[in-house]
Each structure stands twice: as C-alpha cells, then as structure tokens.
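J.: Any chance you could fold what I've pasted below:
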Amino acid sequence: MKRDRNGLTEEQFLAQYRAGDYVRPSVAADMVILTVADTTELNYRKLPKKNMRVLLIQRGEHPFLGKWALPGGFVRPGETTEQTARRELREETSVDNVYLEQLYTFSEPDRDPRSWVMSCAYMALIDSSQVKIAAGDDAAEAAWFDVTCRLLSEEKLRLEDGYSITRRYELKLTGERDTLTSVVEQRKQSAKASSAVEYAVAASGELAFDHAKIIACAIERLRGKLDETDIALHLLPELFTLTELQQVYEVILDKELLKAAFRRKAAPLVEATDQYTENAGHRPSRLYRRNREELE
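T.: Model (predicted):
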C-alpha cells in the first residue's frame, strides 16, 4: 500500500482532506444557440433572404437586471457541464438531440460581479422550424436576435520568434425592439513552439457579463469549420434546396459566393432526392438531404 511523504495512505489522505482550504470558483454553462431563419419577403416570387440568429434572454434578476444575455445556468451537483448545457437547451427551446459543441472555458476572475464564476461555453446549431422558445425562471423574456460579426480593423505585429494579429470585430445584434452593438477584440499569437487565441470585450453594447466575446468566439468557430466539415447542414431541415444551402453559407460568412464554385464544393456533402419544392411562387427546385455516406 503506497504512502505519501507524510506517511498517509490514499484512504487516510482523503479522510482528512478539506476542500474548503482552497478557493473554488462556481461553474456555469452558457449557450450560444444559433439558427438561420427566413426574413419576410413581400414579393412571393422571390426567395426569402436568410439571417443568422442567436437566442438571448433578458435578465429578470441582478446582476445586469434588464440586460440581454446568453441562456445558461450553474452546473448542478452530479451534472457535467455538457449535461447542464443540454438541460438549458431543452428548457429554452424545447428541442434536444441537436449539434452541440464545447467552445471554450472563460475563467477570468472578474467576469461575474457576484463571485468567481467560470463559464464553460457551448455552441448549439438548430433548425429554426423546430424551436419554441420560452424564458427560464431567472429571465424576463427570451427572443431571437439577428447577428452579424464584421471585421473593423486588423493589426499585424512581427515578434522575435513569431507574430501576433489583433482583429477588432463589430458584433451587431438586432431584435424586434433593441439593437445591441459590441466591439470584440481577437488576439492571435503564434510562435515556433506555441500559439494562443484570446478574446476581449472592448465595448459591451448592453450585453451582460462577457457574453459579447462568447458569441464572437462561436461565430469564428463556425466559420472556421465550414470548409472542412458539413457543420452548416445542422442549420437546415432534413430536406433543402441547394440555393437554401448556399444562403446558409453566405449568411455565416457574411459574403456572396459564386454559384457554380459553391455547388462543386457542396456536391460531396449532399445527395439528391426525387422530391421538389411546392407552392413556393417560383419554378420547383429539387430537394436534397445530407449525404448518408458522409453522415456515417
């Protein structure tokens, strides 16, 4: 039986161990719930445009009473952070079994005025047609906000053994009544043996806590995975047109794409069905679905 330098076995060590001797942060899971939804189009012959949207809740309690924030909650005893995230997702949207990915752990000691609260942030991608949103117990309201994240400036600096890049983004969230504009800085530093990425909120834009940089981090992650994965398909219903798929890519990237080049790139990700759109006000289009071989 192994003993430590004090002569204790593991059982003896655990019996006298006092967790209260160490400062421990609270742990929360915050959710960046993204979807892509059609805008209202007055001309029924035109395809509706799409906007990327993020779900926000209006806080009904201190701190940041009345301000908009990401849905989330504290990790309960016996829960993992992912279980907390899935519970919050069900409570806020009534959906489950959707794409969920851990983003990053935000652990700055001053990020929450109540105490030291670490946030394990997650990104969820959902089909907007599945969702029924409802505010949780500590929220006054829950609502979708159209979201854009656009580059304002970029500064590159050479270091002795690498380089750093500082980018400033404008994060704009537009709801039915409120428009929230934040400025987020992204700092990338790369050296021969290491690299790091940090986000900082330069202007919060009336968003609670540090949630502006969590949203910016999620959008950057989503954009970065478009080329190598089929992640965008999680924002679409089971059947979709190639035009709708291209619209999803364009709204995520915030730029137009060439139709022919996009379709060549998307071809391995989808497979055609024998179904077509109906009552869409224009010529019927073939419907596609995720390539089942890619899914497997």
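J.: Confirm Ala37 sits in a strand?
T.: Yes. Looking at Ala37 with DSSP: H, G, I helix; E, B strand; the rest coil, it is inside a strand.
J.: where's it relative to Ser164, distance?
T.: Going from Ala37 to Ser164 by CB to CB, to the nearest Å gives 37 Å. Where you see a C-beta, it was placed from the backbone N, CA and C, and this is true even at glycine.
J.: One more: Ile215?
T.: Ile215 is 23 Å from Ser164, by CB to CB.
J.: Neighbour count: those two, which is higher?
T.: Per other CB atoms under 10 Å, whichever of Ile215 and Ser164 has more neighbours is Ile215, with 28 against 15.
J.: Assign the more buried one to helix, strand or coil.
T.: helix.
J.: what's near enough to touch it?
T.: Val32, Val54, Leu70, Val147, Cys149, Leu171, Leu173, Leu207 (CB atoms under 8 Å, 6 or more residues apart in numbering).
J.: In this structure, where's the longest strand?
T.: Under DSSP state E, the strand in the chain containing the largest number of residues is strand 139-159.
J.: which is the next helix or strand following that one?
T.: strand 162-174 (DSSP states H and E).
J.: What residues of that following strand count as buried?
T.: The neighbour-count check on strand 162-174 (16 or more other CB atoms under 10 Å) flags Thr166, Arg167, Arg168, Tyr169, Glu170, Leu171, Lys172, Leu173, Thr174 as buried.
J.: now the angle between strand 162-174 and the following helix or strand past that strand, please.
T.: Going down the chain from strand 162-174, the next helix or strand is strand 179-191, by DSSP H and E. Put simply, strand 179-191 runs at 170 degrees to strand 162-174, going by axes from the mean of the first three to the mean of the last three CA atoms, to 10 degrees.
J.: Report the strands that pair with strand 179-191, each with its relative direction.
T.: Next to strand 179-191 in the sheet, as set by DSSP bridges, lie strand 162-174 (antiparallel), strand 195-203 (antiparallel).
J.: out of these, which comes closest to Arg263?
T.: Arg263 sits nearest to strand 162-174 of all these, at 29.6 Å, using CB to CB.
J.: avg pLDDT for that closest one?
T.: The average pLDDT within strand 162-174 is 95.
J.: Cool, thanks, signing off.
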